[in-house]
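Chemist: generate a structure from the sequence data that follows.
(one chain, ligands or ions: 1)
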Amino acid sequence: MIITIDGPAGSGKSTAARGLARALGIAYLDTGATYRVVTLAALERGLDLADADALAQLARGLDVQFVPAPEGLRVLLEGRDVSDAIRRRDVTENSRYVASPANVRAVLVDLQRRLGAELGSFVTEGRDQGSVVFPQADLKVYLDADPAQRALRRAAEMTARGEAADVQGVLADILKRDASDAGRQTGPLCRPADAVVVDTTGKSIDETLAALRAAVEARA
Ligand code: DC
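Modeler: Residues are numbered from 1 along each chain as shown. This is a model prediction of the structure:
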């Protein structure tokens with residue numbers, strides 16, 4: 001079974017995907033992590049982020065592994081656990097350079113399909129999972145929420161990690177990422193026509209999960 005969850009930053013995709021995967025007893029695939037790990041590697045190597053060919057070459061040659069662990073998949077870059085490092089704010093802010101060029105996305109879409117084939121049954125989340133990467137999915141979900149609520153969630157996550165978070169700054173970053181996620185030529189954030197839309201504004205995690213489980217049952 002393949003379930004895709006797409007939506008903008010802070011709509012609650014990763015929490016929802018992780019929770020749904022656990023409830024169904026299947027794997028969780030975090031495709032944002034594939035963009036983040038390339039961004040981290042590019043920053044560490046001092047690459048020019050505007051050079052899409054250099055980024056694509058980097059992405060093609062990177063040794064990235066997703067290793068199952070009790071708390072979810074751990075991300076290894078050349079054998080080093082970078083699961084926390086890829087959540088840093090500088091990585092988040094610069095990820096759009098990796099997420100925009102078509103040649104870089106092509107490499108990462110291949111990687112995601114390979115990871116999916118290894119997992120078999122999984123819940124995946126991102127921007128283009130139902131529309132581009134797994135159009136054959138059994139269930140497609142589009143999660144949405146008000147920008148202000150999404151900024152509050154992101155700020156709470158950052159505070160929980162011990163990072164300074166000012167909600168206005170996070171909101172500005174989110175609006176910038178929305179524009180760049182929706183406006184790019186390849187794999188833009190969009191709502192697949194056959195997706196079930198779930199708006200998480202004002203919903204608790206449990207309420208969102210209940211809506212998702214109802215959508216799964218309606219498809220069964
Ligand atoms: O969901 P996230 O914040 O971890 O995403 C990190 C970056 O990758 C962000 O710039 C959006 C982008 N992304 C994408 O373009 N397509 C995906 N399927 C997943 C993430």
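Chemist: around the ligand, pick out the residues from this protein.
Modeler: The chain comes close to the ligand at residues 9, 31-32, 35-36, 95-96, 99, 126-129, 177, 181, as judged by C-beta under 6 Å from any ligand atom. Quick note: C-beta positions are derived from backbone N, CA and C, even for glycine.
Chemist: now, which of these lie within strands?
Modeler: Assigned to strands by DSSP state E, the following of the residues of the chain next to the ligand qualify: residue 126.
Chemist: and the residues of the chain next to the ligand, which of them are in helices?
Modeler: If you go by DSSP state H, these have 32, 35-36, 95-96, 99, 177, 181 in helices.
Chemist: mind picking the two most distant members of those residues?
Modeler: Largest separation among those by C-beta to C-beta: 36 and 181, giving 14.0 Å.
Chemist: mind listing what residue 64 touches?
Modeler: Taking C-beta atoms under 8 Å, 6 or more residues apart in numbering as the criterion, residue 64 is in contact with 34, 37, 75-77, 111.
Chemist: make TSV out of the ones in helices among the residues of the chain next to the ligand and add neighbour count and pLDDT.
Modeler: Formatted as TSV, those follow (neighbours: other C-beta atoms under 10 Å; pLDDT from 0 to 100):
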residue	neighbour count	pLDDT
32	18	92
35	24	97
36	24	97
95	23	95
96	17	91
99	26	93
177	20	86
181	22	83
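Chemist: just name the closest of the residues you listed to residue 116, please.
Modeler: Nearest to residue 116 among those, counting by C-beta to C-beta, is residue 32 at 14.7 Å.
Chemist: skipping adjacent residues, who's closest to that closest one in space?
Modeler: Nearest residue to residue 32, sequence neighbours excluded (C-beta to C-beta, 6 or more residues apart in numbering): residue 126, at 6.0 Å.
Chemist: so what's that neighbour bridging to?
Modeler: residue 6 (DSSP bridges).
Chemist: for this structure, just list every one of the strands.
Modeler: Under DSSP E, the chain gives strands at 2-6, 27-30, 64-69, 72-77, 80-81, 122-126, 139-144, 196-199.
Chemist: can I get the second one as CSV, trimmed to CA atoms?
Modeler: Output for strand 27-30, consisting of C-alpha atoms alone and laid out as CSV, is shown next (Å, rounded to 0.1, in the frame of the first residue of the first chain):
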residue,chain,number,x,y,z
ALA,A,27,7.0,2.4,6.9
TYR,A,28,7.3,6.2,6.8
LEU,A,29,9.3,7.9,4.0
ASP,A,30,10.3,11.6,4.7
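Chemist: so what strands line up beside that strand?
Modeler: Counting by DSSP bridges, the strands paired with strand 27-30 are strand 122-126 (parallel).
Chemist: list the contacts of the most centrally placed residue in the chain.
Modeler: Centroid-nearest residue in the chain, with C-alpha atoms, centre = their mean: residue 32, separated by 3.1 Å. Contact analysis of residue 32 by C-beta under 8 Å, 6+ apart lists 14, 95, 125-126.
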